[in-house]
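K.L.:
give me a model of this one.
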Amino acid sequence: MSRLALILLLLLALTLPTQAQRLISSLSNDSVQITSSFDGERLTFFGTIAPAAGAEQRFVEGPFQVVVVVLGPAQDRVARRKTNNFGIWLNTEQVAFRRFPSYFHVLSSRRLLEIADINLLNQNFILPEAYAMAPNPAGFMRTLTFGRELIRIMSEEGLFGVQENGVQFLSDTFYSAQLTLPSSAPPGPYIAQTYVFKDGQIIARKSEGFSVRKIGFERFLAQSAAQSPLLYGLACVVLALVTGWLGGVIFRR
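P.N.:
Numbering: from 1, shown residues only. Prediction:
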């Protein structure tokens, strides 16, 4: 019995892919601060592919492909469909998406479908459409239809995007990629997931986090709206009334 178990373990070891490479990566900034003059921030992702720790080989052999996926904080989103009913546009259908990325951008060293099979890309949520196919009580087809529309709208707002050939190899193993966060980037924790592909398979991956946060008066307003919504709303109403009255006084003169 023990001999049979040993044979099975040997066969399993032969079928498992060897991890002879490891990814050493970093990013240029781990904190992005939003102020009143914030108009975007450029981040640089860079790294190198090296032999695995303890490996006998001193060099790694490519060619390699690299994909960097940048994810913003997850939010609950609702996609709605408007229809014209007797001249009035009304929301007639909707699909709710739980924990949908508020920001999603992909940088790759070549076309994604040339790097790996579409199923592998979707399984690892590398393609934007993968979030439109996530399990949802609304059903697969309705989720796919509304999810694609939600992704299209967020792409027009600069919150979703795919930049193929956005990763540049400076040598056979050293890469660099740049991404400009838009001014509309939502605050919160972000994560950059880097994948290394070889022959259509993922051979290494690594995740790094960074934050986007408001500072100064913008932070005070955001915290007030979240922690004391009633007082914040009343203050906005009072400010609007005072501003309107003051404007009337000035223009009357």
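K.L.:
for the chain, which spans come out with low pLDDT?
P.N.:
Residues of the chain that meet the criterion pLDDT under 70 lie in 1-20, 34-39, 54-56, 86-87, 89, 91, 214-236, 238-239, 241-253.
K.L.:
what about the strands in it?
P.N.:
For the chain, the strands defined by DSSP state E cover 21-27, 31-34, 41-51, 65-71, 74-85, 88-101, 104-108, 160-164, 167-169, 174-181, 188-198, 201-214.
K.L.:
mind putting these into TSV with distance to Ala130?
P.N.:
All C-beta atoms are positioned from the backbone trio N, CA, C, and that covers glycine. Output for these, formatted as TSV (distance: least, Cβ to Cβ, whole Å):
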stretch	distance to Ala130
strand 21-27	22
strand 31-34	25
strand 41-51	21
strand 65-71	10
strand 74-85	14
strand 88-101	10
strand 104-108	10
strand 160-164	12
strand 167-169	19
strand 174-181	19
strand 188-198	13
strand 201-214	15
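K.L.:
tell me which of those strands sits nearest to Leu121.
P.N.:
strand 65-71 (8.5 Å; Cβ to Cβ).
K.L.:
hmm, back to that, Ala138: which of the strands of the chain is closest?
P.N.:
Across the strands of the chain, closest to Ala138 is strand 88-101 (Cβ to Cβ), at 4.5 Å.
K.L.:
buried ones in the closest one?
P.N.:
Buried positions in strand 88-101, judged by neighbour count with 16 or more other Cβ atoms under 10 Å: Val95, Phe97, Phe100, Pro101.
K.L.:
nearest residue to the first one in space, please, no chain neighbours.
P.N.:
Using Cβ to Cβ, 6 or more residues apart in numbering and skipping residues adjacent in sequence, the residue nearest Val95 is Phe146, 3.9 Å away.
K.L.:
surely the one you found touches Ala96?
P.N.:
No. The criterion here is Cβ atoms under 8 Å, and Phe146 misses it with Ala96 at 9.3 Å.
K.L.:
need the overlap of contacts for the two.
P.N.:
Common neighbours of Phe146 and Ala96, using Cβ atoms under 8 Å, 6 or more residues apart in numbering, are Ala138.
K.L.:
now distance to Leu71 too, for the buried residues of strand 88-101, in CSV please.
P.N.:
Shown next, in CSV, are the buried residues of strand 88-101 (distance: Cβ to Cβ, whole Å):
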residue, distance to Leu71
Val95, 21
Phe97, 15
Phe100, 11
Pro101, 5
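K.L.:
wait, which of those residues is closest to Val196?
P.N.:
The closest of these to Val196 turns out to be Pro101 (Cβ to Cβ; 22.1 Å).
K.L.:
what about the spatially closest residue to the closest one that is not a sequence neighbour, neighbour count?
P.N.:
Among residues not flanking Pro101 along the chain, Leu71 sits closest, at 5.2 Å (Cβ to Cβ, 6+ apart). Leu71 has 19 neighbouring residues, counting by other Cβ atoms under 10 Å.
K.L.:
use 369 as the first number for this chain going forward.
P.N.:
Noted, 369 is the first residue going forward, which turns the last one into Leu439.
K.L.:
wait, Leu439 sits on Val474?
P.N.:
No. In terms of Cβ under 8 Å, Leu439 does not count as a neighbour of Val474; the distance is 10.0 Å.
K.L.:
if I look at Phe465, how far off is Glu524?
P.N.:
Going from Phe465 to Glu524 by Cβ to Cβ, to the nearest Å gives 17 Å.
K.L.:
any idea how far the residue nearest to Val463 is from Ala553?
P.N.:
Phe514 sits 24 Å away from Ala553 when distances are taken as Cβ to Cβ.
K.L.:
ok, the residue nearest to Val564 when sequence neighbours are not counted to Leu391 distance?
P.N.:
Closest residue to Val564 apart from its sequence neighbours, by Cβ to Cβ, 6+ apart: Ala572 at 4.1 Å. For Ala572, the distance to Leu391 equals 4 Å [Cβ to Cβ].
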